[in-house]
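Chemist: compute the structure for the input listed below.
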Amino acid sequence: MTTKQPKGKLVSKTAPNLFTERIEEFKVLFPEVFTEGKIDFDKLKQALEEETDGKPERYSFTWAGKRDAIRLLQVPSRATLEPAKDESVNFDSTHNVFIEGDNLEIFKILWKSYFGQIKLIYIDPPYNTGADIIYQDNYSDPLGTYLTFSGQKDLDGNLLISNPETSGRYHSTWLSMMYPRLFFARQLLRDDGAIFVSIDDTELANLRLMMNEIFGEENFLGCVVRATGTTTGQDSRRFGSSFDYLVVYSKSTGYEVGGVPLSEEDATRFSEEDEKGRYSSLQLRKTGRADRREDRPAMYYPTEAPDGTKVFPIGPGGYESRWRCGPQTYKRLMMEGLIEWKRVKKDGKEQWVPYVKYYFEGREKRPSPLWIDLDGNKKATIEVKELLGERIFDNPKPIALIKRILQIVTETDTNDITLDFFAGSCTTAHSVLELNREDGGNRQFIMMQLPEPTPEDSTARKAGYNSIAEIGKERIRRVIAEMNKHAEGKMNFNSGESGEDLGFKVFKLAESNYRSWTGVEDKDPEAYAKQMELYLDPLVEGWQEENVIYEVALKEGYSLGCLIEKVDKITENNIWGVTDKDKGQSFYICLDDDIKEDAVKTLELNADYLFICRDKALTDELAANLALQCNLKVI
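Modeler: All right, here's what the predicted structure looks like:
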C-alpha cells in the first residue's frame, strides 16, 4: 500500500520545540562538533578546552527527579488553545488574555509566539506547605495527564498528589514542578524584563538556588521582605511567621531596578511652592562630618551668591566640606532654575547658603527591600469578597503589592505585557487594569490558571464556582464592569490609539484539531487500511474553522492577539487573512474541501505570501501553480 505524498510543505502538528531550535542555533555557532547530525561531546570538549572544568568535583545544584524535569522540557506539545468567546469581554478588540489550562503545556505552545516579549512576570506559586500539589507532570504524556485532570477524558483515580514533609522527596517534588516552568518563563522575558516570585520560608533557599541556575546568579536583584499582616505557625515548635518574600531576578545584567512613586508621608516634605509646583530644598553643601574636601577635591569650588560674593562649602567651625555636585552639574542646575539661595544665620551672622530644589511632581524613590507599609493578606481577602460577594478564595495577594511591582518594572505608554502563570484569583489582572485607570497606562496582561476544582463543600462551590479558573475569570469581568460603570459620561484620556483596554480574551487548553496516530492492534492489514483511510482528512471529526485557524497561527509563531478577518472580495471560497501586527507578519488560510482557481487568482499571491489549505482541497495542477507562486503549506 502506497502513501499519498502531500502537495505542499506540511504544517507543523506540534508546537515548536524549544530544544530543537536551540540545537539549530548551536549548529551555526559550532558546526564542527556535529557528527551525522548529533553532538560529538569529545569534539565539543576540544572546541571549548579552555572553558571546561575537568575536575571531578565541582559545585552543582541537583535533586531527585531533576533529569525527568529537564526531559519534560523537551517533549513537544500536541495541544492547542481554543477561544472561548462567550466567557470573554470585548474579544475582538482586547489585547489582554486569560488562558485556562496547565501552564507548562501552555508555555510550550506560546514560547515561540511570545519569545522575548514579556516585560514583567509575577507569580505566587504553591508554597509547598504539604497540601495537595495539583501539577502532576508526566513527560511521557503531559497533555493526557492534564485532560484527565480537567475532566476532558475519563480515567479512574484522583490526580491530586500529597506531598507531606515525611516524603523522602518533599523538596524534590516541588523543585521538579517549578524548574521547567521557570525555564520557559525566562525564554519569554524581554532583555529589560524582570521576574518576581512570591515564596515563604519553606522553599526560599531552594528557590534561590534554582533561579541562580536558570537566570544566572549575576541577575539576582534582591529579596523583598513583605509583611503579610497575619502571623501563622504559632502552634508549631518554630517561630511564627508574619512575613513572606519576593525573590527578584532580571533577564540580563544590564537591568536597573526602577523607582516607585512617593507616598503621602513622603509628600509632606515638599512644603514649599513656586510657579512650577511643590518642592523641597536641600543644602548644596554635603552636611555630614565625614564628607570632607580632601576626599573629593573636585567638589570644592567657589559659587557666586546673589550679592556677588564667593561662597565655598565651609561647615560649622570652619571645616572644609564639599558640594553635592561638580562645577558642570552646578552650572546646569543654575540654568534650570534649581538652585535657590537663602539667607541663613551661620556662626552668629547671616550668610548666603545655596540649596537645591527637588520638585514633587514625577519624583520617584529607590524601593526598599522591606515592604511593611502595604496592605496585608486580610485586606486582600476583603478586596475579593467585596467584588464577588462571598469569601471564596483564601490568601489572595493584595492589589497594592502588585501595583508596586508594576510601578517598579513597567512603563505607562509602551504596551508592556505582564504575565502571571499561577494566576489564582487574578489579583495581577485586577492590578493592571486599576493602575492603567489611575495613570493612563496601556499595560497588558496574560493570565494562566489550571482549572483546579474547588472543594465540594466550599463557599466557592456553593456560589457556583467549580474551579479556581472560574473565580479568576469572574473577578476580571466584575472589575471591568465596575470600571465601565464609573467611566460612564466621562472622557477617556488614557494613552494608546484605541484608548483604555477594558476586555480580555479567554482561551482553553485542548486537544489538537489534527488526528493523532492511534496505531492498530496485531498485524491486521484490514484494520491498518481502515486506519489509513481516516488520514485522508487529517482533521478530527467535528473540527471548528476558527479553532483550526488559531492552532495553525500559534504553531506558526503568531500571538493570541493576531487579527483574523474574512477576505470579503472572494466569494468562491471562505478565505481568511491572519495578521500579527506586532510582528509584522501575515498569512492566508482556506479550510474548504475544494479550492477554486479563480479564488486563488483574486488573492494575487507572490513569493512573500504564505498560503495554507487542506491537502485534499488542491488538484495536482493547482498545487503545482501555487507552489511556484507563493509559500504553500498544507494540512
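Chemist: residue ranges in this structure under the pLDDT threshold?
Modeler: Where the chain drops to pLDDT under 70, the residues are 1-5, 49-54, 56, 130-141, 149-169, 233-235, 489-498, 517-536.
Chemist: helices or strands up against the top strand by length along it?
Modeler: With secondary structure taken from DSSP state E, the chain has its longest strand at strand 220-232. On a contact count with 3 or more Cβ pairs under 8 Å, 6 or more residues apart in numbering; DSSP states H and E, strand 220-232 meets strand 189-199, helix 204-215, strand 241-250, strand 370-371, helix 377-388. All C-beta spots, glycine's among them, are computed from the backbone N, C-alpha and C.
Chemist: how about the ones you listed, which one is nearest residue 325?
Modeler: Evaluated over those, closeness to residue 325 peaks at strand 189-199, with 28.3 Å, by Cβ to Cβ.
Chemist: just how off-centre is the closest one within its chain?
Modeler: Relative to the chain's own centre, strand 189-199 is displaced by 8 Å; criterion: Cα atoms, centre = their mean, to the nearest Å.
Chemist: show me the domain layout of the chain.
Modeler: If you go by automatic domain parsing, the domain ranges for the chain are 18-73, 81-255+372-510, 283-357, 522-634.
Chemist: tabulate the helices and strands packed on strand 220-232 in TSV, adding columns for mean neighbour count and distance to residue 635.
Modeler: Output for the helices and strands packed on strand 220-232, formatted as TSV (neighbours: other Cβ atoms under 10 Å; distance: least, Cβ to Cβ, whole Å):
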stretch	mean neighbour count	distance to residue 635
strand 189-199	21	33
helix 204-215	18	36
strand 241-250	20	41
strand 370-371	14	52
helix 377-388	17	43
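Chemist: looking at the domains of the chain, which is buried most?
Modeler: By mean neighbour count, with neighbours taken as mean count of other Cβ atoms under 10 Å, domain 81-255+372-510 ranks first of these at a mean of 18.
Chemist: how long is that one end to end?
Modeler: Taking Cα to Cα, to the nearest Å, the first and last residues of domain 81-255+372-510 lie 6 Å apart.
Chemist: which residues touch the longest strand of the chain?
Modeler: Contacts of strand 220-232 with the rest of the structure, by Cβ atoms under 8 Å, 6 or more residues apart in numbering, involve 194, 196, 198, 204, 208, 211-212, 240-250, 255, 257, 367, 369-372, 374-379, 401.
Chemist: direction included, what does that strand pair against?
Modeler: If you go by DSSP bridges, strand 220-232 pairs up with strand 241-250 (antiparallel), strand 370-371 (parallel).
Chemist: which one, of these, ends up nearest to residue 405?
Modeler: For those, the distance to residue 405 is smallest for strand 241-250, at 7.7 Å, taking Cβ to Cβ.
Chemist: contacting residues around that closest one?
Modeler: The contact list for strand 241-250 (Cβ under 8 Å, 6+ apart) reads 193-201, 204, 207-208, 211, 215-216, 219-233, 371, 405.
Chemist: kindly report the same for stretch 196-207.
Modeler: 120-125, 127-129, 171, 174-175, 178, 211, 223-224, 226, 241, 244-248, 397, 405, 409.
Chemist: out of the helices and strands packed on strand 220-232, which comes closest to residue 559?
Modeler: For residue 559, the closest of the helices and strands packed on strand 220-232 is strand 189-199, at 14.3 Å, according to Cβ to Cβ.
Chemist: grab the CA positions of that closest one and hand them over as CSV.
Modeler: What follows is strand 189-199, C-alpha atoms only, in CSV (Å, rounded to 0.1, in the frame of the first residue of the first chain):
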residue,chain,number,x,y,z
LEU,A,189,11.1,37.7,29.3
ARG,A,190,12.4,40.7,27.4
ASP,A,191,16.1,41.6,27.9
ASP,A,192,14.9,44.5,30.0
GLY,A,193,12.4,42.4,31.9
ALA,A,194,12.2,41.1,35.4
ILE,A,195,10.5,38.3,37.4
PHE,A,196,9.1,38.5,40.9
VAL,A,197,8.3,35.2,42.7
SER,A,198,6.4,35.1,46.0
ILE,A,199,7.5,32.5,48.4
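Chemist: helix or strand: which one has residue 509?
Modeler: Using DSSP states H and E, residue 509 sits within strand 505-511.
Chemist: now swap in residue 281 and tell me
Modeler: Assigned by DSSP H and E, residue 281 belongs to strand 277-283.
Chemist: elements contacting that strand?
Modeler: Short answer (3+ Cβ pairs under 8 Å, 6+ apart): strand 277-283 packs on strand 272-274, strand 349-359.
Chemist: give me that answer again for 10 Å
Modeler: Here strand 277-283 touches helix 264-267, strand 272-274, strand 339-346, strand 349-359, going by 3 or more Cβ pairs under 10 Å, 6 or more residues apart in numbering; DSSP states H and E.
Chemist: just so I know, which of those lies nearest residue 95?
Modeler: The closest of the helices and strands packed on strand 277-283 to residue 95 is helix 264-267. By Cβ to Cβ, the value is 32.8 Å.
Chemist: which residues touch the closest one?
Modeler: Residues from elsewhere that reach helix 264-267 (Cβ atoms under 10 Å, 6 or more residues apart in numbering): 260-261, 278, 280, 360, 363, 365, 373.
Chemist: biggest separation within these, which pair?
Modeler: Farthest-apart pair in the contacts of helix 264-267 is 278 and 373; separation 21.5 Å (Cβ to Cβ).
Chemist: show me what the helix or strand that comes right after the strand holding residue 281 is packed against.
Modeler: Using DSSP H and E, the helix or strand that follows strand 277-283 in sequence is strand 303-304. With contacts taken as 3+ Cβ pairs under 10 Å, 6+ apart, strand 303-304 sits against strand 310-311, helix 327-335, strand 339-346, strand 349-359.
Chemist: of those, which is nearest residue 289?
Modeler: Nearest of the helices and strands packed on strand 303-304 to residue 289, taken as Cβ to Cβ: strand 339-346 at 16.2 Å.
Chemist: ok so, going back, note down every partner strand of the strand holding residue 281 and its orientation.
Modeler: Sheet pairing of strand 277-283 (DSSP bridges) gives strand 272-274 (antiparallel), strand 349-359 (antiparallel).
Chemist: of those, which approaches residue 21 most closely?
Modeler: Using Cβ to Cβ, the nearest of those to residue 21 is strand 349-359, at 49.1 Å.
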